[in-house]
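[1] Compute the structure for the input listed below.
(4 chains, ligands or ions: 4)
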Amino acid sequence: MQLTGLPGMCHAVVGENGAGKSTLMKILSGVVRPDRGRIVKDGEDLKLHHPLDARHAGISTIFQEFSLLPNLSVAENLFLGREGDIGHAMTRAELAQRSEQALSELELNIAPDRRVGSLGVGQQQMVEITKGVLADASVFIFDEPTAALASHEVDVLFALIERLKDEGKTIFYVSHRLAEIFTLCDDITIMKDGEFVRCVPTALTNEDEVIEGMVGRPIAELFEARAASIGPVLLEAKGYQGQAMKRPVDLTVGTGEIVGVAGLEAQGQQELMRALAGFDQRRGGSLTLQGKDISDIEARKRIAAGIGLVPESRKDDGLFLSLDIADNMQSAQVARGGLFALTPSLGELTRDIMTRLAVKAPDARTPVSDLSGGNQQKVVLGRWLLAGAHVLLCEEPTRGVDIGAKREIYRQLRAFAQQGNGILVTSRELTELIGLCDRLLVIRDGGIVSDVPAEGATEDSLLRAALPTSLDGGQTEAA
Amino acid sequence: DVTLHPGLGPAEGAKLVDTSRYESRRDGGYTIGFSNVFTGNSWVIQLLEEAEWRADQFPEIEKYIVTNANFDPAKQVADVEDMLAQGVDAIVINPTSPVAIVPVLERAYDSGVAVIIVAADAETDKATVRILADQVKFGRDGGEFLVDALDGKGKIISLRGIAGISVDTDRWNGAAGAFEGTDIEVVGEVYAQWAYDQARQACESLALAHPQIDGVWSSGGAMTQACIEVFNELGRDLVPMTGEANNGFFGAWVENKDKGFDSIAPQNPTWMVAEGVAAAVGVLNGDDIYTEYQVIAEPYTADNLEELYRPDLNDSYWVGTILPDDKLKELYGQ
Amino acid sequence: MTRSLRNLPPAFWGLIAVGVLAAFTQPQFLSLPFLMILLRQAASIGIVALGQTFVVANRSLDLSVGANIAFVNLILAHAMWSGYHPFVAIVVALAAGTFIGFANGVLVTKLRASAVVVTLGTAAIITGIGFLYTGGAPGSSISDLVKWLGRGRVGIVPVAGLVWLGFAIAAFIIMRRLALGRFIYAAGDNPFAALFSGLPVDRTLLASHTLCGFFAASGGVLLSGLIGVGSINLGADYVLSSITAVILGGAVFGGGAGGAVGTVLGTALLVTVLNLLTVFGVGEPGKLIMQGLVIAAAAIIYQQGRRNG
Amino acid sequence: MIGKESHRSIAQRLQQDAFWFRQRGALLSFMILGLMLLFLSLFLGERFVSTTNIANLAGQLAPLFLVSLGQTFVLLGAGFDLSVGAVISLTTAILTLDFPDVFKLPLAIAAAVTVGLVNGVGCVYLRVHPIIMTLATSSIVQGVALILLPTPGGIAPQVLVTAASGTLFGLPAGFYWIIAAAALSIWVVHGTKYGVRLYATGENPQSAWINGINAPSIRISTYVISAMCAAIAGAYLTGRLASGDPNVGIALGLDSILGAALGGTLLSGGVGGPIGTIAGVLIIGLLNNGLNLANISPYYQFVFKGAMLIAAVSLFRRKEAGL
Ligand SMILES: Nc1ncnc2c1ncn2[C@@H]1O[C@H](COP(=O)(O)OP(=O)(O)OP(=O)(O)O)[C@@H](O)[C@H]1O
Ligand SMILES: Nc1ncnc2c1ncn2[C@@H]1O[C@H](COP(=O)(O)OP(=O)(O)OP(=O)(O)O)[C@@H](O)[C@H]1O
Ligand SMILES: [Mg+2]
Ligand SMILES: [Mg+2]
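    Numbers count the residues shown, from 1 in each chain, chains lettered A, B, ... in the order given. Ligands and ions are numbered 1, 2, ... in the order given. You can find the predicted model right below:
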């Protein structure tokens, strides 16, 4: 892997999800230690053992997964870990004043004592950016800074990056939005499967070339054929709304159908999935599964009725990391019985599903913590196959999963649908949704704003629907 | 006049209390506080019952307050302070520590409250009355019994109470004094917290580890009782063991007398606190009370055994009570 | 093979070490009568520790087992049972202890307050109720049936040891063969994942606390039988001992480790070490230091094994 | 521009302002405390509101204040320290050794720091669960205390006796210890960068680390602070009791956790703080004192205390059930 940044230049890093962009950036910021290789800055070798080392070396990072602490205030977060840079510890008033100044430069109206956890995602992203640029650094790393931003915020950010360039700073910019890259960046480095593909000046290439470099093979090969025909409705929501949802939604999932939910970061995808799975109290509307009304039954009963949830955060919400594969896979199945039911023995079915999903492990008694991310994801999928779910609610099914495992997962999802089941899936990756699904919903600010067949849908059209127009004020918090 | 238990005698060098100090409090309506160590065993429970019963007998006592320190000296200091805040006329205290409560006791004494130290001593001159059992004698009586019974030579084990409590160290010092100059060898020593269950385990381990045990010195009756049962269970011949004036132990003694078991039962009377309460009333009334009393009770031997043992009462009863029989039946009836 | 070897609880290796030590220094320690005595000593604490295993594996803790045992003892020794079959007293005592565990479970799941604080609170309440119920009197003697359970023998085997074996088998079945056991490990390992898999997370925690109460009460019955009389502060030291045995048995809070076998071995190790120390004439301070070192060593070694694994 | 953001209702502030959000528990416990004070003064009258009683309270509560404040640091860093009771015992044992006074205090502090470091390293680098680690050290330290001082006694350094039981401007010494400890810990937590880093670490050590905070050191430091607070509490107790006692600290170990928990510091870390702990300790102290003054039977006191504890703690609901 090689990557070179020049002063006053913006260098883009692109690649598919899981290509290793964030990992590379984390290496540059001292969060992850490289196995081998060198980092050279101004002719000197850098040894980055700790995020502080990177900071001292003049590298500032705006992380993709925020490094903010929700229970600290905006001001505390902005100066966290570098209160010392400012000499003596600052008084509250000083801290507040300096924070306000920094925030106002990004046209943000947020009280400095505001708890970060009480801000919307867009505002949090802006705070993360403010924090990054507050640092006195010569290298700035932006990892997907615009994923959660509204268009006018993007404008503010771009102005800021232009200014940094004018000041002679080096900028690394990671984004999936190629249009942005072509307006902003001077060079593009393409990564794939954790490896360097090539580096080209922006002026000498075009979007198609970049995409080809990222994907490396035609996209179609990754996905299965779509459903030939869709059977009767399996899951139907009519004006359904959970406590955490901003708006009621209407949606259907048919037999054999995979329905995708597209949208920008944190537009209510997770709230929708959790509400449908029953982990949020119903506020209104109705929900039916195979014609049976399940609006008022709790999550456990919905699961028993045939709904399964694949949560986004595998490690936090999906897996029992210290238990073995069999225990993880059988958990939902066992959960259906009473407390005093006998547990199933390992059983053919479990082994069968392990083989079907091609889980790479010595045996079913291997602890899941020994598995790679992709295999762990297969275990979570296997759980619902084993439990005999009819409708899968899949959050980000291929997050941080390599291309081979992705293919396997797509294949399994399609096969699952073909057996007379239905899937509702969210993903940040539009190409994935287009390739995988039969029909696509676009969610914006908690409401479903578009419902189109996946066949013929383009990233561009989806993005257009997903982005808030400046008139409807989709992100109202940022005044 | 208040009369104290006949088992008490003025200690050597004791003087009459100068009751003029307490004249201002002589209004015939006293508040008396008892600061107790803890509530964790049957000896303390009987002590509490007797003290309360005794307090009930005095019309002069308007209010009788009890606190429990749960073995925590800091809490006992707080308890005494809270009593002072309530305006007690006398404090009867069973100290958790001979030194830790001294500052607060001195404060109490200086403010004109009668301070009665009972059952365990505290290192201060500022006490109105002390009522103490001679714990060194308790241990020595047992030690001398063993020396006699073993003809001055043999291997013994020692069952001790709670580490770091003066009653325990005093008793053991008495016993060790008795063994001095003899050929008695202590082959095993263990703290069993004066508790039956712990003593049982300790005795089991020691008995099996030492094929030869000629005698057992014990700091309390429940522990001896446990050890007798262990020996019986292991099928070993009973050896002389020292005991204590407790009904459970007497029961075991009676039962095993035929097997040649012999013992001695020193007393550590439960009524000391009750007499402390009485002494407090006496001092406040202006009666003749001495500054220090010693329990003059001699240990019980096999001779008194039959008359003292109460088969109608359970093991928790401590022999030599001041409680009336109906109260005893209520507390310890089988 | 290496995996299962690595998964053996620290107590297993500890027992081997202690056995070798005893064989060289105190050979009579390994004689059958002595082992039978160890077995009886270990039985009551062993059952309490088995109960503690459920809650610890479920990422919780019960600090009220000591008060529970004392309460069971008060009930068993109360004069009010003189007219009834001794069986009645046992059933009532077990029911009371189970209810204490159930109450802990309800409070921990419903109030979402820390189990440390909640079970300390219930311990204080139970102790107070016990004193009020008996007026502080230690109660009369305990029925022969209970005494037989605590002290009796079948041949040379102590009844208490057999009872312990029974409870260990029951605990093993619950933990390894019933859905409840799976739920306990799963919810202990990751309560959120458990929720999203549809496990009855709260009911599982409630059940493990209830079971802990029942096991503690059962240990209390055996201990009361061994003592044979009402005793006020009975079992106070069982809180610490039961947790120690569970840790030696390889359980950590949550984390899917530990189990009935581990706890049985942990109890055996604890009781053996304490006895050996008594035999060696080590005083109270030495025992405390030894106990601390053993706990720390077990926890550290086990944790390193898991990390490298 | 700032105007709009700063006009928020109290409820909104509790939810939205970082400081208030983390101190919601403290607010609640001060409300409980207020109710208790009202209740006690109404029912006990001058027995409760007397100067002697207030002075007594200050003396009685100082040690619990000191350890609870130390414990608060550990809890904020998402740890747990059960060994403070044993450290107190060890301190009183060291301070009453037959040894020149000048060496004793440094020795006691050094011993406490060692215990804190062992706890910290065990929990952070060896990754032993805090409850297990500190349970183990607690047992070891208690054993050492018993070896140094097998029975209560010994002579406390006169300086400590004066410092712990004298009076200054008519107020008992304990009062000044409390004020000093409270002021110092509030300043450290709310007025220094260490405090912010502590909250960050307790909330999420990984995020804290990414922000350049040495989270492991912070976590270890909390155990050292807690042990040192325990040592200071031990020194105070030695002075107040004018002697040493190897068992004196046992009860304070769990009480310190109760004090912090009653003050709204969550046992899961990152929420709460010393301000709440002040209220929490006062609640425990008033409960003891009030029950004693009201002359309630010790038997009822157990029930009362347990029930109060559960009731108060149930006000601070958490996301997780368990430990
Ligand atoms: N070169 C590499 N060597 C080893 N592992 C790698 C490498 N590159 C990436 N990975 C692994 O792939 C996973 C995903 O990587 P990363 O988060 O960096 O992807 P990304 O390109 O940022 O994707 P996204 O677009 O979703 O943000 C990580 O778990 C990481 O461990
Ligand atoms: N090639 C490999 N060989 C053996 N173990 C691996 C390998 N790759 C990953 N692992 C193990 O799998 C576990 C998780 O893998 P991975 O890093 O891919 O997840 P991840 O991408 O970080 O997941 P997420 O992005 O969801 O956090 C790690 O504990 C790691 O030890
Ligand atoms: Mg990334
Ligand atoms: Mg990623």
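[2] helix/strand/coil for residue D:248?
    Secondary structure, DSSP: H, G, I helix; E, B strand; the rest coil: residue D:248 is coil.
[3] How about residue A:253?
    The three-state assignment at residue A:253 reads strand, by three-state DSSP.
[4] burial measure for it, as a count.
    28 (other Cβ atoms under 10 Å in any protein chain shown). Where you see a C-beta, it was placed from the backbone N, CA and C, and this is true even at glycine.
[5] isn't it right up against residue A:230?
    No: the pair residue A:253 / residue A:230 is not scored as a contact, 9.3 Å apart, by Cβ atoms under 8 Å.
[6] What separation is there between the closest residue to ligand 3 within the stretch 301-450 of chain A and chain D?
    Closest residue of the stretch 301-450 of chain A to ligand 3, Cβ to the ion: residue A:400 (8.7 Å). Using Cβ to the nearest Cβ, to the nearest Å, residue A:400 is found at 16 Å from chain D.
[7] Make sure that residue is indeed in a strand.
    No: under three-state DSSP, residue A:400 falls outside any strand and is assigned coil.
[8] got the contact list for the residue nearest to it when sequence neighbours are not counted?
    Among residues not flanking residue A:400 along the chain, residue A:373 sits closest, at 4.8 Å (Cβ to Cβ, 6 or more residues apart in numbering or on different chains). Shown here is residue A:373, whose contacts under the criterion Cβ atoms under 8 Å, 6 or more residues apart in numbering or on different chains are A:314, A:400, A:401, A:402, A:405.
[9] Kindly indicate which of those lies nearest residue D:117.
    residue A:314 (36.3 Å; Cβ to Cβ).
[10] That closest one - how many residues pack around it?
    That count, for residue A:314 with other Cβ under 10 Å as the rule, works out to 22.
[11] before we move on, what about residue A:80?
    Residue A:80 is flanked by 24 other residues according to other Cβ under 10 Å.
[12] Give the phi and psi angles for it, as a check.
    phi -60, psi 130 (degrees, to the nearest 10).
[13] So it sits against residue D:201, correct?
    No: assessed by Cβ under 8 Å, residue A:80 is found out of contact with residue D:201, at 10.5 Å.
[14] shared neighbours, those two?
    Listed as contacting both residue A:80 and residue D:201 by Cβ under 8 Å, 6+ apart are D:208, D:213.
[15] now residue B:31, what's its secondary structure?
    Using three-state DSSP, the structure places residue B:31 in strand.
[16] wait, what's in contact with it?
    If you count contacts by Cβ under 8 Å, 6+ apart, then residue B:31 has B:61, B:62, B:63, B:64, B:65, B:86, B:87, B:88, B:89 around it.
[17] and with 6 Å instead?
    Neighbour list for residue B:31: B:63, B:88, B:89 [criterion: Cβ atoms under 6 Å, 6 or more residues apart in numbering or on different chains].
[18] need the contact list for residue A:73.
    Counted by Cβ under 6 Å, 6+ apart, residue A:73 has contacts A:113, D:18.
[19] any idea how far it is from ligand 3?
    27 Å (Cβ to the ion, to the nearest Å).
[20] Phi and psi next, for that residue.
    phi -80, psi 170.
[21] For beta bridges, what are the partners of it?
    For residue A:73, the beta-bridge assignment (DSSP bridges) gives partners residue A:115.
[22] what about the stretch 201-323 of chain D, any weak spots by pLDDT?
    Nowhere does the stretch 201-323 of chain D drop to pLDDT under 70.
[23] Smallest gap between it and ligand 3, at which residue?
    In the stretch 201-323 of chain D, no residue comes nearer to ligand 3 than residue D:210, which is 14.3 Å away by Cβ to the ion.
[24] mind listing what that residue touches?
    Contacts of residue D:210 by Cβ under 6 Å, 6+ apart are A:31, A:51, A:67.
[25] What distance do you get for the residue nearest the centre of chain B to chain A?
    By Cα atoms, centre = their mean, chain B has its centre lying nearest to residue B:268, at 3.7 Å. Separation of residue B:268 from chain A (Cβ to the nearest Cβ): 53 Å.
[26] Report pLDDT for residue D:154.
    pLDDT recorded at residue D:154 is 81.
[27] Tell me which residues touch the nearest residue to it once chain neighbours are set aside, please.
    The shortest distance from residue D:154 to any non-neighbouring residue, by Cβ to Cβ, 6+ apart, is to residue D:96 (2.8 Å). Residues near residue D:96 by Cβ under 6 Å, 6+ apart: D:154, D:156, D:244.
[28] out of the residues you listed, who has the most neighbours?
    residue D:244 (30 neighbours).
[29] Can you tell me how far the residue nearest to that residue when sequence neighbours are not counted is from residue D:18?
    Distances taken as Cβ to Cβ, 6+ apart place residue D:96 nearest to residue D:244, at 3.1 Å, with adjacent residues excluded. To residue D:18, residue D:96 is 45 Å away according to Cβ to Cβ, to the nearest Å.
[30] for residue C:283, same thing?
    Residue C:283 is 52 Å from residue D:18, by Cβ to Cβ.
[31] Equivalent analysis for residue C:278, please.
    55 Å.
[32] Could you check which helix or strand contains residue 180?
    Picking chain A for this. Residue A:180 belongs to helix A:178-184 when assigned by DSSP states H and E.
[33] think we crossed wires, I meant chain D
    Using DSSP H and E, residue D:180 falls in helix D:173-191.
[34] Can you show me the CA trace of that helix as PDB?
    C-alpha atoms of helix D:173-191 as PDB (Å, rounded to 0.1, in the frame of the first residue of the first chain):
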ATOM      1  CA  ALA D 173     -12.000  19.100  63.000                       C
ATOM      2  CA  GLY D 174     -14.000  16.500  61.100                       C
ATOM      3  CA  PHE D 175     -15.900  19.400  59.500                       C
ATOM      4  CA  TYR D 176     -12.700  20.800  58.000                       C
ATOM      5  CA  TRP D 177     -11.600  17.400  56.700                       C
ATOM      6  CA  ILE D 178     -15.000  17.100  54.900                       C
ATOM      7  CA  ILE D 179     -14.900  20.600  53.400                       C
ATOM      8  CA  ALA D 180     -11.300  20.100  52.300                       C
ATOM      9  CA  ALA D 181     -11.900  16.700  50.700                       C
ATOM     10  CA  ALA D 182     -15.200  17.800  49.100                       C
ATOM     11  CA  ALA D 183     -13.700  21.000  47.700                       C
ATOM     12  CA  LEU D 184     -10.600  19.200  46.400                       C
ATOM     13  CA  SER D 185     -12.500  16.400  44.700                       C
ATOM     14  CA  ILE D 186     -15.000  18.800  43.200                       C
ATOM     15  CA  TRP D 187     -12.200  20.900  41.800                       C
ATOM     16  CA  VAL D 188     -10.400  17.900  40.400                       C
ATOM     17  CA  VAL D 189     -13.400  16.500  38.700                       C
ATOM     18  CA  HIS D 190     -15.100  19.700  37.500                       C
ATOM     19  CA  GLY D 191     -12.200  22.100  37.300                       C
END
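[35] helices or strands next to it in the packing?
    Packing partners of helix D:173-191 (3 or more Cβ pairs under 6 Å, 6 or more residues apart in numbering or on different chains; DSSP states H and E): helix D:51-76, helix D:274-293.
[36] among the ones you listed, which is nearest ligand 2?
    helix D:51-76 (27.3 Å; Cβ to the nearest ligand atom).
[37] What are the buried residues along the closest one?
    D:52-53, D:55-76 (16 or more other Cβ atoms under 10 Å in any protein chain shown).
[38] quick check: angle from it to helix D:274-293?
    140 degrees (axes from the mean of the first three to the mean of the last three Cα atoms, to 10 degrees).
[39] does chain C sit close to helix D:51-76?
    No: Helix D:51-76 stays clear of chain C (Cβ under 6 Å from any Cβ of the partner chain), getting no nearer than 10.0 Å.
[40] between the helix or strand that that helix is followed by and helix D:51-76, how many degrees?
    Moving toward the C-terminus from helix D:51-76, the next helix or strand (DSSP H and E) is helix D:84-95. Between the axis of helix D:84-95 and that of helix D:51-76 there is an angle of 120 degrees, by the same axes, to 10 degrees.
[41] and for helix D:84-95, what are the contacting residues?
    With contacts defined as Cβ under 6 Å, 6+ apart, helix D:84-95 is touched by D:67, D:104, D:107-108, D:112, D:115, D:138, D:141-142, D:145, D:148-149, D:227, D:230-231, D:233-234, D:237-238, D:244-246, D:248-250, D:252-253, D:256.
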